[in-house]
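>>> 3D, please:
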Amino acid sequence: MVNNSKERVWLHHLSNSIPKDIYGYSISMYSLALEGWRRGLTLRFENINRSKAQTIFYLADGEKEHRFAVSRGDKVPQTAIKTCINKNLTKEHLIKADVPTPLGRVFEDSNGEKSQIIDYANKIGYPVVIKPVDGTGGKGVIANIADRNELKNAYDYVTKDLKFKNIIIEKHFEGIDCRVYVIEDKVVAATKRIPANVIGDGTSSISKLIKLKEIQRDKNPALYGQKFKIDKESKEMLSQQGYNMESIPQSGERVFLKSKNNVSAGGDSVDVTDELSSEIKKIATDAAKSIPGLVQAGVDLMVNLNNNSAEVIEINSRPHIRAQLFPEEGSGRDIPKAIIDYYFPDTKANHKEPLYYFDFQYIWEGFQSGTYKSISLPNVPRGNLKSEQIILTGNLRNINFGRSIKKIALSLELDGNVEHLENGELSIVISGNYNCIEKFKTNLINILGNNIQISRISKYRYPIKIGFEIINKHLDVKLKQGYNPITLKGIRNDLIKPNRKSKRSTKLSKDKTLDFKRKYNRIINSKSWKLTRPLRKIRAFLKK
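Predicted coordinates:
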């Protein structure tokens, strides 16, 4: 298959706003929390089980508060969630609502029923799909099974290797696999999901092409760290195409490594929001409506563009949205905006520049260590704001006034950073109230020596991380030792406070919730905390 790629365009307001520590799965959660926080909503995170996947957050406007898990808000009832988890129950709802879905049957506790499964596949006709009733993330889903022997192998893999007991056999629908994000009666985004693949260059082996593609995928925030999973299924796929890992495909030839289309398994996402017809989009919205209370969902469709038809294969009540935000091809779609518009319609006009963002890694480390279980962020800066970059030149290599600059900035409630640049200049990025910035510049002049000058001042057009950070990546060892960088990675310890209004939060936190002016500084600056940091990282790695 020859490659036909589309231009990639990501959302401008998320550019330089996603911390690297949050790349991957957590982008879904972070981007939604960021959108609400940027609009002036109060943001509170809560974590009980020391797992990023179990981190929830609350957004409030002073009158109402909503709870979110990944991209799902609390307007989705538990009954709808349970229905979506059970694929067979979902299929029953779709059939009852006359929504097209593939013909299929559930085989409960399928061990020993291989002959019945094969008989059923023969009855409905090949190709077929096998998938677990309660699987997630595409695990155990094998599509386009062409005959009896392939079905036997797929059955053994799903039931013995992956140890799923309850499975579904259904008719394969020929078309493209699409994830359609629905909020009420509206399709917000649609992505075509291409199974894990590499494109030949005429000289590289498939093994090398995989490594090269992984390097490219790491440049995408949504795919960062997502390696190809070369397993039994991958080798079978290659064998069916007449290849192995050392084969060299022709230039431009696409070689598939998986039958399922999940991004987490190495698949590609291509935006097709504008390519789907109104009829196909209605199938997606009807599917979501078939489950009572499911006001937002990720609907998985198999779409045949040639005859404008589609069938629903799955519905997810808590879908990740990273692939729609950062597709490999096509335009990113602003699902966070649509979700916050739905839950907080009065805030639609509140997203204004200059933009700010926050560091989640520092919050996560506190959750992971068990130091606290609930935390509220400071409100996003508002008012007459501006951001500037001040460049200093002169005798900078032997000076040490980083802490003085930080002290001035914090006293004026300004955000930003100070950094020695590779060319020897000093950069100060400062953001906040217009009058406070003018005062900052006046105070800055007063602490400059005769051998240091302000070279230029210009408008700073990039998002600012709240807090004030001292960055020393370009300093020599001698200067680093005296520079005293802050440990919070950009979030002021006097800004982040535990939530004291929520009874649930207070009960969870008890003595473990931090008063950041006192307890956090005492812990984070202690020798034991610094010495055990490598151990915490090792523990986090092993948990993954």
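
>>> break this structure down into its domains, please.
Taking automatic domain parsing as the criterion, the chain consists of the domains 103-171, 385-483.

>>> need these in TSV with mean pLDDT, can you?
Output for the domains of the chain, formatted as TSV (pLDDT from 0 to 100):
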stretch	mean pLDDT
domain 103-171	85
domain 385-483	84
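
>>> what segments of the stretch 401-544 of the chain are strands?
Using DSSP state E, counting those that start in this stretch, the strands of the stretch 401-544 of the chain run over 415-420, 426-433, 452-459, 464-465, 468-471.

>>> now for these, which one comes closest to K6?
strand 464-465 (32.2 Å; CB to CB). From N, CA and C alone the C-beta is placed, and that goes for glycine too.

>>> same for the closest one, what does it pack against?
strand 356-357, strand 415-420 (3 or more CB pairs under 8 Å, 6 or more residues apart in numbering; DSSP states H and E).

>>> note down every partner strand of it and its orientation.
With DSSP bridges as the test, strand 464-465 is paired with strand 356-357 (parallel).

>>> neighbouring contacts of the strand it pairs with?
17-19, 34, 38, 380-381, 415, 431, 463-466 (CB atoms under 8 Å, 6 or more residues apart in numbering).

>>> and M245, how many neighbours?
Neighbour count for M245, taken as other CB atoms under 10 Å: 15.

>>> pick the most deeply packed of the helices and strands packed on strand 464-465.
strand 415-420 (a mean of 24; mean count of other CB atoms under 10 Å).

>>> in three-state terms, label K282 for me.
helix (DSSP: H, G, I helix; E, B strand; the rest coil).

>>> neighbours of it, how many?
For K282, the number of neighbouring residues by other CB under 10 Å comes to 14.

>>> and A154, by the same measure?
24.

>>> list the buried residues of the helix or strand containing it.
Assigned by DSSP states H and E, A154 belongs to helix 148-156. For helix 148-156, a neighbour-count test (16 or more other CB atoms under 10 Å) marks E150, L151, A154, Y155 as buried.

>>> so what does that helix touch, helix or strand wise?
helix 114-124, strand 128-132, strand 142-145.

>>> can you tell which of those is closest to K6?
strand 142-145 (23.5 Å).

>>> export that closest one to CSV, keeping only CA atoms.
Output of strand 142-145 as CSV, limited to C-alpha atoms (Å, rounded to 0.1, in the frame of the first residue of the first chain):
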residue,chain,number,x,y,z
ILE,A,142,-8.4,-9.1,16.3
ALA,A,143,-10.2,-8.0,13.1
ASN,A,144,-10.6,-9.3,9.6
ILE,A,145,-10.1,-13.0,10.5
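
>>> how about the helices of the stretch 201-350 of the chain, start to end?
Secondary structure of the stretch 201-350 of the chain, counting by DSSP state H, counting those that start in this stretch: helices at 206-217, 232-240, 278-289, 322-325, 335-343.

>>> closest to G394 out of those helices?
That would be, of the helices of the stretch 201-350 of the chain and by CB to CB, helix 206-217, which comes in at 40.4 Å.

>>> now the closest one against helix 232-240, angle please.
Computed with axes from the mean of the first three to the mean of the last three CA atoms, to 10 degrees, the direction of helix 206-217 lies at 120 degrees from that of helix 232-240.

>>> and the gap between Q361 and K20?
Distance of Q361 to K20, computed by CB to CB, to the nearest Å: 9 Å.

>>> now swap in L355 and tell me
Distance, L355 to K20, using CB to CB: 18 Å.

>>> and for D185?
Where K20 is concerned, D185 sits at a distance of 37 Å (CB to CB).

>>> show the contacting residues for S205.
With CB under 8 Å, 6+ apart, S205 has these contacts: M245, E246, S247, I248.

>>> which member of those is positioned nearest E174?
S247 (26.7 Å).

>>> now stretch 449-458: how far from the chain's centre is it?
41 Å (CA atoms, centre = their mean, to the nearest Å).

>>> tally of neighbours for V9?
12.

>>> hmm, it is touching E329, no?
No: between V9 and E329 no contact is recorded; they are 9.6 Å apart, counting by CB atoms under 8 Å.

>>> now the strands of the stretch 401-544 of the chain as CSV including distance to D274?
As requested, the strands of the stretch 401-544 of the chain are arranged in CSV below (distance: least, CB to CB, whole Å):
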stretch, distance to D274
strand 415-420, 38
strand 426-433, 36
strand 452-459, 34
strand 464-465, 33
strand 468-471, 40
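
>>> any idea what Q296 is bridged to?
Assigned bridge partners for Q296, using DSSP bridges, are I183.

>>> quick one: it and L34, what's the gap?
Relative to L34, and taking CB to CB, Q296 is found at 18 Å.

>>> repeat that for L392.
31 Å.

>>> which of the two has more residues huddled nearby?
L34 (26 against 22).

>>> host element of that one?
helix 27-38.

>>> sheet partners, orientation included, of the helix or strand following that helix?
Downstream of helix 27-38, the first helix or strand assigned by DSSP H and E is strand 42-46. When sheet partners are counted by DSSP bridges, strand 42-46 sits next to strand 56-60 (antiparallel), strand 374-376 (antiparallel).

>>> out of the ones you listed, nearest to L89?
strand 56-60 (24.9 Å).

>>> tilt between the closest one and helix 335-343?
Using the same axes, to 10 degrees, strand 56-60 lies at 50 degrees relative to helix 335-343.

>>> for the helix or strand just after strand 56-60, name the packing helices and strands.
Following strand 56-60 in sequence order, the next helix or strand is strand 65-69 (DSSP H and E). In terms of contacts (3+ CB pairs under 8 Å, 6+ apart), strand 65-69 is packed against helix 27-38, strand 56-60.

>>> with mean pLDDT and distance to I291 added, can I get the ones you listed in TSV?
Shown next, in TSV, are these (pLDDT from 0 to 100; distance: least, CB to CB, whole Å):
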stretch	mean pLDDT	distance to I291
helix 27-38	96	21
strand 56-60	96	22
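
>>> among these, which is nearest T191?
That would be helix 27-38 among those, by CB to CB, at 13.5 Å.

>>> and the contacts of that closest one?
Contacts of helix 27-38 (CB under 8 Å, 6+ apart): 14, 17-19, 22, 43, 45, 52, 55, 57, 59, 68-71, 221-222, 320-322, 325-326, 335-337, 339-340, 344, 347, 350-351, 355-358, 360, 377, 379-380.

>>> from the chain's centroid, how far away is it?
10 Å.

>>> what residues of it count as buried?
I27, S28, M29, Y30, S31, L32, A33, L34, E35, G36, W37, R38.
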